[in-house]
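1. model this:
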Amino acid sequence: MRIGTNIAAYMAGGQLNTVEKRLSASMERLSSGYKINTSKDDPAGMAMTQKLRTQIRALDRSSMNASDGMSVTQTAEGALSEVEAMLQRMRELAVQGASDSYTDEDRKNIQNEIDQLSKEIDRVSTDTQFNNMNLLDGTFERRVYGFDENDRMTSDVEVLYVSDSVEAGDYTINIAGGEIDTSDATIQAVFGTDAIVTKDGNKVTIDGADGFQMMFALNNSAAADGQVRFEVTDIGTMPIQVGANEDQQIRMDIPCVNSKTLAIDDVDCTTSTSAGNAITKFDRAISFVSSVRGKLGAYENRLESTTASLDNTSENITEAVSRIADTNMADEMTDYTTLNVLQQAGISMVSQANQLPEKVLQLLQ
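-> Just a heads-up that it's a prediction; the model follows:
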């Protein structure tokens, strides 16, 4: 028997220390609810859960972005519904003025109301806002830049509207005799053989296949004859971030809607003939507003689906993080009970081992 070194006590103490470390870790997992509390618990699991949590927070924020985008479309669409109501009233007035049962004085009153309604449409265009951002004045419309033959920017001819089907690139038109050249050969050379031209005063609309449409306005009738090149870009639209990563966006193109883009800024209902012509103008304007409202409705429906998809993805990733990082309380409690018993047994054995040297006294008596 040796009293210099109590091997049994050392062995029992070592086992007790091991059990106490495991018991401490088990208590940490039970109290926090996580089985990964520090990187040493599971380095790979810790790295993975942090990336997943980052993605979850980004997805939740993107879902809120999509909801904000729906609010934008609802705001714009609500304003356009009133614009369409005003156009319906203006068309009604044009129908009224087209009848010769009304005098010139009556048509003057009709024209006054139409003028006021036109001004109100312009006011709605400039004053409809969301979060202090204008929605219907072309702020979030695709940018188009015009250049003359010397490659200098020009406003002599202006693009009033570009449909989504118009691809980014260069498009040219000619000015001849103070007007936009709408001859078939000139237009079809640039816009294709199926291009259809509609002329209304100083405005020209070109329709092509698959929803292609561009609307031009000649702002300067004294402009020199020549060619104007338009550069259609993909910039200027409203990006809605709907993903956790870069460039995961939905871009909303909200065209300008005012009396000029609706081609009703020069409506004249002072004669029965001009009032009759105005009916067709208002029909085209109503059709244009309806198409814009339809586009906004499509954006809203898409964003609703986007929100549902983002929420579902966030839920699934959250479940994945739970499987990796959350404590299984039933299993952990079982381990804790086992370790607690082992700790008590270890304490008892250390106590017994420390009493062994006392038996040496029996040899010394």
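
2. For Ser71, give me its contacts.
-> Residues counted as contacts of Ser71 (Cβ atoms under 8 Å, 6 or more residues apart in numbering) are Phe130. From N, CA and C alone the C-beta is placed, and that goes for glycine too.

3. remind me which residues of this structure are low pLDDT?
-> The chain contains residues with pLDDT under 70 at 1-5, 361, 363-365.

4. Where do the helices of it begin and end?
-> 7-32, 43-97, 104-127, 184-191, 272-325, 329-355, 360-364 (DSSP state H).

5. Mind putting these into JSON lines with distance to Val204?
-> Shown next, in JSON lines, are those (distance: least, Cβ to Cβ, whole Å):
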{"stretch": "helix 7-32", "distance to Val204": "70"}
{"stretch": "helix 43-97", "distance to Val204": "21"}
{"stretch": "helix 104-127", "distance to Val204": "21"}
{"stretch": "helix 184-191", "distance to Val204": "9"}
{"stretch": "helix 272-325", "distance to Val204": "13"}
{"stretch": "helix 329-355", "distance to Val204": "73"}
{"stretch": "helix 360-364", "distance to Val204": "116"}
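
6. These: which one's closest to Asn258?
-> Evaluated with Cβ to Cβ, these place helix 104-127 nearest to Asn258, the distance being 4.0 Å.

7. Buried residues, that closest one. List them.
-> Arg107, Ile110, Gln111, Ile114, Leu117, Ser118, Ile121, Asp122, Val124, Ser125 (16 or more other Cβ atoms under 10 Å).

8. One more: stretch 64-78?
-> Asn65, Ala66, Gly69, Met70, Val72, Thr73, Thr75, Ala76, Glu77.

9. Can you tell me which of those is nearest Thr49?
-> Proximity of those to Thr49 (Cβ to Cβ) peaks at Asn65, which lies at 24.3 Å.

10. wait, what's in contact with the nearest residue to the closest one once chain neighbours are set aside?
-> Take Asn65 and drop its neighbours on the chain: the residue closest to it by Cβ to Cβ, 6 or more residues apart in numbering is Gln241, 5.1 Å away. Listed by Cβ under 8 Å, 6+ apart, the contact set of Gln241 reads Ser62, Asn65, Gln248, Gln249.

11. And Gln241, how close does it get to Asp60?
-> As judged by Cβ to Cβ, to the nearest Å, Gln241 and Asp60 stand 12 Å apart.

12. try Gln116
-> 47 Å.

13. where's the nearest residue to Val257 once chain neighbours are set aside relative to Tyr145, distance?
-> Among residues not flanking Val257 along the chain, Leu136 sits closest, at 4.9 Å (Cβ to Cβ, 6+ apart). From Leu136 over to Tyr145 the distance is 21 Å, taken as Cβ to Cβ.

14. Could you do Lys40 as well?
-> 59 Å.

15. Next: Gln50.
-> 45 Å.

16. likewise Met70?
-> 31 Å.

17. And for Leu23?
-> 72 Å.

18. how many neighbours does the residue nearest to Val257 have?
-> As a burial measure, Leu136 scores 26 neighbours (other Cβ atoms under 10 Å).

19. for Ala44, same thing?
-> Ala44: 10 neighbours (other Cβ under 10 Å).

20. OK, contacts around it?
-> With Cβ under 8 Å, 6+ apart, Ala44 has no contacts at all.

21. ok, and the closest non-adjacent residue to Gly236?
-> Gly236 sits nearest to Arg143 (Cβ to Cβ, 6+ apart), 3.9 Å away.

22. How many neighbouring residues does the one you found have?
-> 15.

23. wait, doesn't it sit right on Thr233?
-> Yes. If you go by Cβ atoms under 8 Å, Arg143 and Thr233 touch, sitting 4.8 Å apart.

24. For the most centrally placed residue in the chain, give its distance to Arg293.
-> The chain has Ile240 as the residue nearest its centroid, 2.1 Å off, counting by Cα atoms, centre = their mean. Distance, Ile240 to Arg293, using Cβ to Cβ: 19 Å.

25. Glu105 now?
-> Counting by Cβ to Cβ, the gap from Glu105 to Arg293 is 36 Å.

26. So what does the residue nearest to Val257 have for phi and psi?
-> phi -110, psi 10 (degrees, to the nearest 10).

27. what's near enough to touch it?
-> Per Cβ under 8 Å, 6+ apart, neighbours of Leu136: Ala76, Ala79, Leu80, Val124, Ser125, Thr126, Thr128, Ile254, Cys256, Val257, Asn258.

28. Looking at the residues you listed, which is nearest Asp210?
-> Distances from Asp210 to the contacts of Leu136, taken by Cβ to Cβ, are shortest for Ile254, at 20.9 Å.

29. Could you pull up the residues touching the closest one?
-> Listed by Cβ under 8 Å, 6+ apart, the contact set of Ile254 reads Ala76, Leu135, Leu136, Thr139, Phe140, Glu141, Thr237, Met238, Val292, Leu296.

30. try 10 Å this time
-> 72-73, 76, 80, 128, 134-142, 236-238, 292, 295-296, 299 (Cβ atoms under 10 Å, 6 or more residues apart in numbering).

31. Val157 too?
-> Here Val157 is in contact with 146, 148, 173-175, 180, 202, 204, 216-220, 223, 228, 230 (Cβ under 10 Å, 6+ apart).

32. let's go with 6 Å and repeat that
-> Contact analysis of Val157 by Cβ atoms under 6 Å, 6 or more residues apart in numbering lists Gly146, Phe216, Leu218, Val228.

33. Please indicate which of the residues you listed are buried?
-> Gly146, Phe216, Leu218, Val228.

34. Going by distance to Asp194, which of these wins?
-> Nearest to Asp194 among the buried ones among the contacts of Val157 is Phe216, at 18.2 Å by Cβ to Cβ.
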